[in-house]
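1. My questions are about this predicted structure, shown below with the sequence.
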Amino acid sequence: MHIVVTKDHTTMSQKAARLIADLIQQQPTAALVVATGNTPLQAYQELASLVQQEHINVSSLQPFQLDEYVGVAADDPRSLYGWSKRAFLDPLQLPAASITRLRGDLDDTAAACRDYDRAVHAAGGFELAILGLGPNGHLGFNEPPTRSIDPTRQVTLTPASLASNAAYWGEQTVPEQALTCGMNHLLAARHIFLLVSGAHKREILWQTVKGPVTEEIPSSYLQQIANITIIADHDAWPNED
Ligand code: F6R
C-alpha cells in the first residue's frame, strides 16, 4: 500500500491526474473503472489538461462505469452514467458509447450485472480502478457487509450512503437500490488509486488503513492489496500524534 498525502484538494487532484496519465501512456488500451462522486471531479479535469498538453492518446481506453442507481434512465442527469459522461468522458472527448455501462435502467438487473461481468472478463480485468471512499467504507456501492469475493450485483443502499448522496438529489428521494461493480473485480485490478479528501473522511480513512480487515468496512480489504495507492489530502489524513 502506497500512501501519498498532499497539502490540499488541488494538489491531491493534480497528483492523481499525473498518476492516471502516466498509466494511460504506458497502457493506452487500459480497461479502467471510474468513480463518480465529488472527490475525483477536479482530478478528471486535471487529467484532461495533461492529455491535451502532452498529446496523450486516450482514444483506445476502455472505461467502465463503477455503479448505477436502479430505475434511473440514462438521460436523467442524476444517473451515474450521466455523471461519468460529464465528469470523465466529455473532458477527455471520449464518445458516450465508449463506456461500458451498468444498466440499472433495465428490468432484468441480474442480466445487466452478468453482461457487465462478461465485459470485464473480456477486457482481461481492470488495469486501473479509480475509486472514492464512502462514508461507511463502501467502494463503488459495495455496501457493508461486503465479502471480498462479491460479484457485480444489485444492492440496497445503507442509510449512511443515502444520506451522503442526498445532496446530489435535491428535493427528490435517493433511490434505495443500486447496481455495483463487484468487489471481486475491484480488488483484482492491477492498479488501484483511492482518492480521499476532506476532514469528514478522516475517521473512515483511518479504519480503512489501520483498522481490522472486515466485511463491515469494505475498504479495509485494500490493506491486503499490494498495488494500491491512496492519494489523500492533508485534511483527510489521520493525524498520528
Ligand atoms: C461513486 C461511488 C462512491 C463514491 C463515494 C465517495 O461512483 O461509487 O463509492 O466514490 O461515495 O463519494 P464522494 O467522492 O462524493 O465523497
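-> Looks like it came in fine.
2. Stretch 76-84 - what's its average pLDDT?
-> For stretch 76-84, mean pLDDT is 93.
3. outside of that stretch, which residues touch it?
-> Residues outside stretch 76-84 that contact it (Cβ atoms under 8 Å, 6 or more residues apart in numbering): 34, 36, 63, 65-69, 72-75, 99, 101-102, 104-105, 168-169, 172. For glycine as for every other residue, the C-beta is placed from the backbone atoms N, C-alpha and C.
4. For this protein, which segments count as helices?
-> 9-26, 41-53, 80-84, 109-122, 159-165, 183-188, 202-210 (DSSP state H).
5. okay, the shortest one in PDB with CA atoms only?
-> To tie it back to what came earlier, the one meant is helix 80-84. Listed next in PDB are the C-alpha coordinates belonging to helix 80-84 (Å, rounded to 0.1, in the frame of the first residue of the first chain):
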ATOM      1  CA  LEU A  80     -24.300   7.900 -12.600                       C
ATOM      2  CA  TYR A  81     -23.800   7.200 -16.300                       C
ATOM      3  CA  GLY A  82     -24.700  10.900 -16.900                       C
ATOM      4  CA  TRP A  83     -22.200  11.800 -14.200                       C
ATOM      5  CA  SER A  84     -19.500   9.700 -15.700                       C
END
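6. Can you read off the pLDDT for the residue lying closest to Tyr69 once chain neighbours are set aside?
-> Distances taken as Cβ to Cβ, 6 or more residues apart in numbering put Pro175 closest to Tyr69, at 4.3 Å, once the chain neighbours are dropped. pLDDT recorded at Pro175 is 92.
7. Go ahead and confirm Pro175 touches Val72.
-> Yes: Pro175 lies in contact with Val72 (Cβ atoms under 8 Å); the separation is 6.2 Å.
8. How about the contacts made by the residue nearest in space to the middle of the chain?
-> Centroid-nearest residue in the chain: Ala35, 2.5 Å away (criterion: Cα atoms, centre = their mean). Counting by Cβ under 8 Å, 6+ apart, Ala35 touches Leu66, Ile130, Leu131, Gly132, Gly140, Leu195.
9. Which one of these is nearest to the ligand?
-> Nearest to the ligand, judged by Cβ to the nearest ligand atom, of the contacts of Ala35 is Gly132 at 2.5 Å.
10. who's in contact with that closest one?
-> Contact partners of Gly132, counting by Cβ under 8 Å, 6+ apart, are Ala35, Thr36, Gly37, Asn38, Thr39, Pro40, Leu194, Leu195, Val196.
11. At the contact with the ligand, which residues of this structure appear?
-> The chain has residues 35-39, 66-67, 80, 132-134, 138-141 near the ligand, with proximity defined as Cβ under 6 Å from any ligand atom.
12. at 5 Å what do you get?
-> Within the chain, the positions near the ligand by Cβ under 5 Å from any ligand atom are Ala35, Thr36, Gly37, Asn38, Thr39, Leu66, Asp67, Gly132, Gly134, Gly140.
13. Buried ones among these?
-> Ala35, Thr36, Gly37, Thr39, Leu66, Asp67, Gly132, Gly134, Gly140 (16 or more other Cβ atoms under 10 Å).
14. Sounds good, over and out.
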